[in-house]
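1. Structure here, sequence nowhere to be found:
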């Protein structure tokens, strides 16, 4: 009887230890092109995909890439950082789906850094932000998607912010960066040192969105470089020290929501086939223009460039 009791206690201890180890999550995990998702995602035993690593990474933790590889599409439901590392190609390559979907908690911040997100001509959106407190996209290349490079489509009554830093959007079929919230408050966007080439609109603030653009380059758009399209809730774009060129209309306020506006300061509008500005556009009077079609300031509150 005594031996049986000891065996039972020992078996329970082993089972408990095994369960704890199986469900433990690390604050930092690793992925590699030669990894395996059955691994614990440690530096010496990395996983192969972001999806395999995220379940083994604690909320608020970080997944790092050890080497150049493709690490697969991912849906993020918690605060986390994905870092592809500097000087290498850590990529997400998708066909017929979104690259990275962020559907996190209302207090969660997600950081995406040093990634190449490739839609290979059939992916839908490069990054789709559906819920969360904040999203940071830093030093990424997002290209060849059929819809938007970054699609912020929230439906939440809490404040959310989006920062895009040092990132390039190219050859996407829709909008480079589009933001909206289905309800108030407005999502707050910040784009710094961003390049957007191709697509319909370069930057679009739709319903309940306010976007600041600075030191950025927007070109080869088929509709508008900057667009404020809010129809039921205010949309705002503020652009400073940026170049909008070789596209159609430079800046266009087309939404009918009260207060929609595009504000311009120290920016250049060159070689666009349409007007530099259309709709309710306010200018600081220090912008430059050359080689554009259309009529300067058509419908604007302030026409001084």
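-> Done, it's in. Nothing here was measured: the structure is a model prediction, and the numbers come from that model.
2. Show me the strands in the stretch 1-150 of the chain, by range?
-> 26-31, 57-65, 69-70, 74-76, 80-83, 90-93, 100-103, 109-113, 116-123, 127-131, 134-138, 141-145, 150-154 (DSSP state E, counting those that start in this stretch).
3. Please apply the same query to the stretch 201-305 of the chain.
-> Under DSSP E, counting those that start in this stretch, the stretch 201-305 of the chain gives strands at 201-205, 209-214, 217-219, 224-228, 235-240, 243-245, 249-253, 261-265, 268-270, 277-278, 281-283, 288-290.
4. What pairs with the fifth one, parallel or antiparallel?
-> Paired neighbours of strand 235-240 in the sheet (DSSP bridges): strand 209-214 (parallel), strand 261-265 (parallel).
5. quick one: the first one to strand 224-228, angle?
-> Between the axis of strand 209-214 and that of strand 224-228 there is an angle of 140 degrees, by axes from the mean of the first three to the mean of the last three CA atoms, to 10 degrees.
6. next one: strand 209-214 to chain centre, how far?
-> 14 Å (CA atoms, centre = their mean, to the nearest Å).
7. And for the shortest one?
-> Here strand 261-265 is found 22 Å from its chain centre; the criterion is CA atoms, centre = their mean.
8. Dihedrals phi and psi, the nearest residue to residue 146 once chain neighbours are set aside?
-> Excluding the flanking residues, the one nearest residue 146 by CB to CB, 6 or more residues apart in numbering is residue 173, at 4.5 Å. Every residue, glycine included, has its C-beta placed from N, CA and C. For residue 173, the backbone dihedrals (degrees, to the nearest 10) come out as phi -70, psi -30.
9. list the buried ones in stretch 43-55?
-> 46, 47, 48, 49, 50, 51, 52, 53, 54 (16 or more other CB atoms under 10 Å).
10. meant to ask about stretch 83-93
-> Buried-residue list, stretch 83-93, by 16+ other CB under 10 Å: 83, 84, 89, 90, 91, 92, 93.
11. want to throw the residues you listed into JSON lines with distance to residue 247 and pLDDT?
-> As requested, the buried residues of stretch 83-93 are exported to JSON lines (distance: CB to CB, whole Å; pLDDT from 0 to 100):
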{"residue": "83", "distance to residue 247": "33", "pLDDT": "97"}
{"residue": "84", "distance to residue 247": "30", "pLDDT": "96"}
{"residue": "89", "distance to residue 247": "29", "pLDDT": "84"}
{"residue": "90", "distance to residue 247": "31", "pLDDT": "91"}
{"residue": "91", "distance to residue 247": "28", "pLDDT": "93"}
{"residue": "92", "distance to residue 247": "28", "pLDDT": "95"}
{"residue": "93", "distance to residue 247": "28", "pLDDT": "92"}
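12. follow-up on the earlier one: looking at the strands of the stretch 201-305 of the chain, spot the one closest to residue 124.
-> Among the strands of the stretch 201-305 of the chain, strand 201-205 comes nearest to residue 124, with 16.7 Å by CB to CB.
13. low-scoring stretches of the stretch 1-150 of the chain, by residue?
-> The model of the stretch 1-150 of the chain has pLDDT under 70 over residues 1-23.
14. what do you get if the cut-off is 90, keeping everything else the same?
-> Applying pLDDT under 90 to the stretch 1-150 of the chain picks out residues 1-24, 86-89.
15. now swap in the stretch 151-300 of the chain and tell me
-> 280, 285, 294-300.
16. switch the cut-off to 70
-> 297-300.
17. can you list the strands of the stretch 1-150 of the chain in CSV and add distance to residue 291?
-> Compiled in CSV, the strands of the stretch 1-150 of the chain are given as follows (distance: least, CB to CB, whole Å):
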stretch, distance to residue 291
strand 26-31, 47
strand 57-65, 43
strand 69-70, 41
strand 74-76, 43
strand 80-83, 41
strand 90-93, 37
strand 100-103, 38
strand 109-113, 36
strand 116-123, 31
strand 127-131, 33
strand 134-138, 32
strand 141-145, 27
strand 150-154, 29
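18. of all those strands, which lies closest to residue 208?
-> That would be strand 150-154 among the strands of the stretch 1-150 of the chain, by CB to CB, at 8.2 Å.
19. This completes my enquiry, with thanks.
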